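**Q** Sequence first, then the predicted structure, then my questions.
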Amino acid sequence: MAEEVSAGSGGGSSSERGGEISRVGLASMDSLESRWVFPDGDDSEIGDEEDDDHNYDEDDAPHRAGLDSEDEDTPEQPLIRTGPRIDSFDVEALEVPGLHRSEYEDFGIGRRIILAFQTLGVVFGDVGTSPLYTFSVMFSKAPINGNEDVIGALSLVLYTLILIPLVKYVLVVLWANDDGEGGTFALYSLICRHAKVSLLPNQLPSDSRISSFRLQVPSPELERSLKIKERLETSLALKKLLLILVLAGTSMVIADGVITPAMSVMSAVGGLKVGVAAIEQDQVVMISVAFLVILFSVQKFGTSKVGLVVGPALLIWFCSLAGIGIYNLVKYDASVLRAFNPVHIYLYFKRNSVKAWYALGGCLLCATGSEAMFADLCYFSVRSVQLTFVFLILPCLLLGYLGQAAYLIGNPNGAEQAFFSSIPSGLFWPVLLIANIAALIASRTMTTATFSCIKQSTALGCFPRLKIIHTSRKFMGQIYIPVINWFLLGVCLICVWSISSINEIGNAYGIAELGVMMMTTILLTIVMLLIWQINIIIVLSFVTFFLGLELTFFSSVLWSMTDGSWIILVFAVITFLIMYIWNYGSKLKYETEVKQKMSMDLMRELGCNLGTIRAPGIGLLYNELAKGVPAIFGHFLTTLPAIHSMIIFVCIKYVPVPVVPQSERFYFRRVCPKSYHIFRCIARYGYKDVRKENHQTFEQLLMESLEKFIRREAQERQLESDGDEDTDSEEDTSFSRVLIAPNGSVYSLGVPLLAEFRGSSNPISEASTSEEVNAADSLADPSTSDAEQSLEKELSFIRKAKECGVVYLLGHGGIRARKDSWFIKKLVINYFYAFLRKNCRRGTANLSVPHSHLMQVSMTYMV
């Protein structure tokens, strides 16, 4: 048998002996996973799979105690290097050259031009339509009393546009992406990867060995980063606070996905009142409702298709903004260029005081869509988004606002519809058409960002599982979630009917936008301190300036909550509660399953037949445990008259990285000795990964990976035996343990262990080969042919089991609160969480397993 002991980076040793070894020669290594194995024993999952916090599980304590007690009297031996480690995932990763290159690197000029059009249609639609309503909302709260008011308001808009979308998001926030993935949960996953702050205790040391993990441990020279990391990992209160901030930001993004379509479409359709005097507000609402229904109906056609169609339209829109702005500057008053002097902001507040403060809520609307740029980043590269914004989007927006201000100086009565009133009469109807198309594009931008954010939160265990449709074969990040799409439509229609005024909707828009902006600022500050390790003065300057600016804007929009905009805040609170309850219930369920898992002592007592009949075939037992034998397996043993000759515990697990390469998808370990034929498989997915494989494809990939694991295991044992041949003669007669260091080297420590266990009743030492091989043969020096023969027998056994059929054993574990629990806990667990779990998508639904291959057992845990 083999015992695995893992040590996390910067953590303590798993045992006293592990600590001694690390002091001998491995202290300088960044230890991600160290393993003790017997050269001729089973590579079972006691250690790495059992506990990544360096503490032994209670279930396996007796066995470990026995091994450790035998080691106490053994003199310490020197470490002997036996060669490089051969690990299944290390080898498989090398077989995929260039796997982690950007999916945009190999595109030609024509493809890049198409991507540029799609960028316009997907990323910048929201921020591009802000000139439709910004000045209208501002001057409804602070009416124009002179030309200086126009100049002051324009100066406020210009610097808001420069500071928030340009400086904060384009120049800073976009660089905090998680391997190209943006949004609130991308920041959270980035933090989780550098500090153990996730509340769901399913992390394994093996996760950090994924090649896309790219872990950068904070430098020892920067004590501040290390102290922050330690504080985050040891404080449960800080972990919960961080999760609450992330969930609050995500709920605001979802609320933004509701209010953006209502605001953009109604402001664009409202231009009809300028061209047709007979149009009333009720008719504007009806037309807006029709447009919204059409908008959400075409959402399923995907980002690539729709983005390519509307990209040129949005380019025409930005050119129209710039052209109309230049026309108005030349025709009316070019003196508005004075607004670039920030002193006019001070004069504006001095003249209008409280009214100017009210107008801040409208001014913020010029920066709406900033968060969408970050959330939609997964579709395009950072550099393309930055260059497009700086050289196209920003100049067009600035010219558009300058032109409107120039028009308002000569026509102060046109503030109610500032944009449409400033259009030259001959171009009104074409521009109105383009404006409505742009508004629909802006609505899709935020809806797309909402889909992306929900998928990330689902993958990290903070949102119920839903059906996700991937709309592009080329770009795996382009998705569509039907349930969320129609849910957003319903809430959006309610907002349009109940809040028919653009000014009230604009205030609700500001609440949602500012909520997610502030959460992004706080999370980015943690990234700066923990990961980027920037000078503390720069970090404090950033957070003080931008958080103070956003709080000032937020105080303005909160003051006007009584006008109907509170509806969107209530919606955000409901969304937050859904996510928090799901995360809370999932955490309780997982912790309970860990506590009630089957002990290894019981598995050894049952023997290789598990106390029942082993029928030919493979059973894939799905469970959420990343380590240990799930308690639901005991129910299968007691319920079924027979169990399959091979059992694989399959855990579909999402790790905090965007993508897990296919060659590193499956992580295998033995659960028991070879004669048991029980394995653990962790199918690892990133939150950006696509799960499109059907059950046949999944089975094929899984069995291929299992065969590779067994072959690599045999090669590893061969290397270990070769290393033993180079030791002293008296060490040749004893059995060694081997330490495999994280740098790929194998270290052998000669310790006479198995001689003492040979006559014991411990079944682990007796079953180090398959059941066809005599246990006594394993105590002799195996020849190469014997090892190959043993390998082929095991592979033949697996192939025969595969030919007999694969059955999916699904264990549905539910939870209920104990009778002595608090009333709130009973309400949350027994009703709210139970309702969400009952109506969410099953974890194996994507595999499309036929019912004839399914066996299900239910189990309820009391928490």
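**A** On my side now, so go ahead.

**Q** Relative to the whole chain's centre, how far out is stretch 435-445?
**A** Centre-to-centre, stretch 435-445 and its host chain are 27 Å apart (CA atoms, centre = their mean, to the nearest Å).

**Q** from here on, count from 291
**A** In the new numbering, first residue 291, that becomes stretch 725-735.

**Q** ok, which stretches of the stretch 891-1040 of the chain are helices?
**A** Here the stretch 891-1040 of the chain has its helices, by DSSP state H, counting those that start in this stretch, at 921-929, 985-1015, 1019-1022.

**Q** Same list (those) but as JSON lines, adding distance to Ser674.
**A** All C-beta atoms are positioned from the backbone trio N, CA, C, and that covers glycine. Below are these laid out as JSON lines (distance: least, CB to CB, whole Å):
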{"stretch": "helix 921-929", "distance to Ser674": "48"}
{"stretch": "helix 985-1015", "distance to Ser674": "33"}
{"stretch": "helix 1019-1022", "distance to Ser674": "61"}
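
**Q** of those helices, which approaches Cys782 most closely?
**A** For the helices of the stretch 891-1040 of the chain, the distance to Cys782 is smallest for helix 985-1015, at 37.4 Å, taking CB to CB.

**Q** re the thing from before, wait, which of the helices of the stretch 891-1040 of the chain is closest to Met807?
**A** Judged by CB to CB, the one of the helices of the stretch 891-1040 of the chain that comes nearest to Met807 is helix 985-1015, at 40.9 Å.

**Q** Count the residues that sit near Trp776.
**A** Counted with other CB atoms under 10 Å, residues neighbouring Trp776 total 13.

**Q** quick one, longest helix in this protein?
**A** Counting residues, the longest helix in the chain under DSSP state H turns out to be helix 526-559.

**Q** Tell me the helices and strands packed up against that one.
**A** Helices and strands touching helix 526-559, by 3 or more CB pairs under 8 Å, 6 or more residues apart in numbering; DSSP states H and E, are helix 474-484, helix 513-524, helix 571-587, helix 660-665, helix 718-749, helix 772-788, helix 792-817, helix 856-885.

**Q** most neighbours per residue, which of the ones you listed?
**A** The highest average neighbour count among the helices and strands packed on helix 526-559, using mean count of other CB atoms under 10 Å, belongs to helix 660-665 at a mean of 30.

**Q** what lines up beside the lengthiest strand in the chain in the sheet?
**A** In the chain, with assignment by DSSP state E, the single longest strand is strand 932-945. Applying DSSP bridges to the sheet, strand 932-945 is found paired with strand 903-912 (parallel), strand 968-976 (parallel).

**Q** Name the residues of it that are buried.
**A** 933-945 (16 or more other CB atoms under 10 Å).

**Q** Only alpha carbons, please: show it as CSV.
**A** Extracted C-alpha coordinates of strand 932-945, given in CSV (Å, rounded to 0.1, in the frame of the first residue of the first chain):
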residue,chain,number,x,y,z
ALA,A,932,-24.3,-7.0,-6.0
ILE,A,933,-21.8,-4.2,-6.8
HIS,A,934,-19.7,-3.8,-9.9
SER,A,935,-16.3,-5.4,-10.2
MET,A,936,-14.8,-1.9,-10.7
ILE,A,937,-15.9,1.2,-8.9
ILE,A,938,-14.9,4.7,-9.8
PHE,A,939,-15.9,7.6,-7.6
VAL,A,940,-16.4,10.5,-10.0
CYS,A,941,-16.4,14.1,-8.6
ILE,A,942,-17.1,16.8,-11.1
LYS,A,943,-15.3,19.8,-9.6
TYR,A,944,-14.8,23.4,-10.7
VAL,A,945,-11.5,24.9,-9.8
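
**Q** Can you give the distance of that strand from its chain's centre?
**A** Strand 932-945 sits 24 Å away from the centroid of its parent chain (CA atoms, centre = their mean).

**Q** between it and helix 474-484, how big is the angle?
**A** Here the directions of strand 932-945 and helix 474-484 differ by 110 degrees (axes from the mean of the first three to the mean of the last three CA atoms, to 10 degrees).

**Q** Dump the helices and strands packed on helix 526-559 into TSV; add mean pLDDT and distance to Gln707 as well.
**A** Formatted as TSV, the helices and strands packed on helix 526-559 follow (pLDDT from 0 to 100; distance: least, CB to CB, whole Å):
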stretch	mean pLDDT	distance to Gln707
helix 474-484	85	35
helix 513-524	83	50
helix 571-587	90	11
helix 660-665	84	25
helix 718-749	86	11
helix 772-788	90	19
helix 792-817	89	10
helix 856-885	90	24
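
**Q** how about TSV for the ones you listed, with distance to Leu654 added?
**A** Shown next, in TSV, are those (distance: least, CB to CB, whole Å):
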stretch	distance to Leu654
helix 474-484	19
helix 513-524	31
helix 571-587	22
helix 660-665	10
helix 718-749	15
helix 772-788	18
helix 792-817	5
helix 856-885	14
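
**Q** among the ones you listed, which is nearest Gly693?
**A** Taking CB to CB, helix 718-749 is the member of the helices and strands packed on helix 526-559 nearest to Gly693, at 12.3 Å.

**Q** what angle do the closest one and helix 772-788 make?
**A** Using the same axes, to 10 degrees: helix 718-749 against helix 772-788 is 130 degrees.

**Q** Within the sheet, what are the partner strands of the next helix or strand after helix 718-749, with directions?
**A** Beyond helix 718-749 on the C-terminal side, the first helix or strand identified by DSSP states H and E is strand 759-760. In the sheet, strand 759-760 lines up against strand 769-770 (antiparallel) (DSSP bridges).

**Q** And the strands paired with strand 932-945: which comes nearest Phe586?
**A** Phe586 lies closest, by CB to CB, to one member of the strands paired with strand 932-945: strand 968-976, at 28.2 Å.

**Q** Check the offset of the closest one from the chain's centre.
**A** Offset of strand 968-976 from its chain centre (CA atoms, centre = their mean): 18 Å.

**Q** Quick one: mean pLDDT over that strand.
**A** Mean per-residue pLDDT for strand 968-976: 87.

**Q** hmm, back to that, so which of the strands paired with strand 932-945 comes closest to Gly436?
**A** Using CB to CB, the strands paired with strand 932-945 put strand 968-976 closest to Gly436, at 56.7 Å.
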